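**Student:** Sequence and predicted structure below; questions after.
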Amino acid sequence: MADAKKKKLKRKKIKYYKYEISISKQEKEKIEMLCRKTKSTPNKLLKEALREFMKKFGDIKLPEPVMKNQMNIFDIIDRQPEQMNIFDIINAKPDM
C-alpha cells in the first residue's frame with residue numbers, strides 16, 4: 001500500500017492596508033538617523049513603534065450600540081407625572 005500523501009493547508013491571505021502620514025523635516029531626519037543606528041528601515045521602525053503602542057492601548061473596546069427599543073434611565077425620570085395634592089382630588093369631583 002502506498003502511503004497517503006498529506007495535503008498542505010493553504011495559508012490564509014493577509015490583507016494589508018496603506019496609511020499616509022505627514023511628518024516634518026526634523027522628524028524625517030531623526031527617523032533616518034535612528035534607522036541607520038539600528039540598521040533598520042523606516043517602515044520596520046514605524047511598524048515596531050505601532051506594535052508597542054497597540055500592546056499598551058490595544059485592549060480598548062468600542063461601546064456596544066444601543067438598540068432602538070432599549071429604555072434609558074433618563075426617559076423614566078423625565079416622564080414622571082406631577083405629584084397630586086389632596087385638594088386637587090376634591091376640586092376634581094363634581095358637587096352633588
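**Tutor:** Ah, there it is.
**Student:** From Asn69, how far out is the residue nearest the centre of the chain?
**Tutor:** Centroid-nearest residue in the chain, with C-alpha atoms, centre = their mean: Leu62, separated by 3.5 Å. Leu62 sits 21 Å away from Asn69, taking C-beta to C-beta, to the nearest Å as the criterion. All C-beta atoms are positioned from the backbone trio N, CA, C, and that covers glycine.
**Student:** How about Arg11?
**Tutor:** As defined by C-beta to C-beta, Arg11 lies at a distance of 44 Å from Asn69.
**Student:** now Phe87
**Tutor:** Taken as C-beta to C-beta, the span from Phe87 to Asn69 is 39 Å.
**Student:** More neighbours: which of the two?
**Tutor:** Neighbours per residue, other C-beta atoms under 10 Å: of Phe87 and Asn69, the larger number sits with Phe87, 8 against 5.
**Student:** Let's verify that one: helix, strand, or coil?
**Tutor:** In terms of secondary structure, Phe87 is helix; the call rests on DSSP: H, G, I helix; E, B strand; the rest coil.
**Student:** what's the neighbour count on Cys35?
**Tutor:** For Cys35, the tally of surrounding residues (other C-beta under 10 Å) stands at 16.
**Student:** what about stretch 66-84, average pLDDT?
**Tutor:** Throughout stretch 66-84, pLDDT has a mean value of 67.
**Student:** In which helix or strand does Lys44 reside?
**Tutor:** Per DSSP states H and E: Lys44 is located in helix 42-57.
**Student:** helices and strands around that helix, which ones?
**Tutor:** Packing contacts for helix 42-57, counted by 3 or more C-beta pairs under 8 Å, 6 or more residues apart in numbering; DSSP states H and E, involve helix 25-38.
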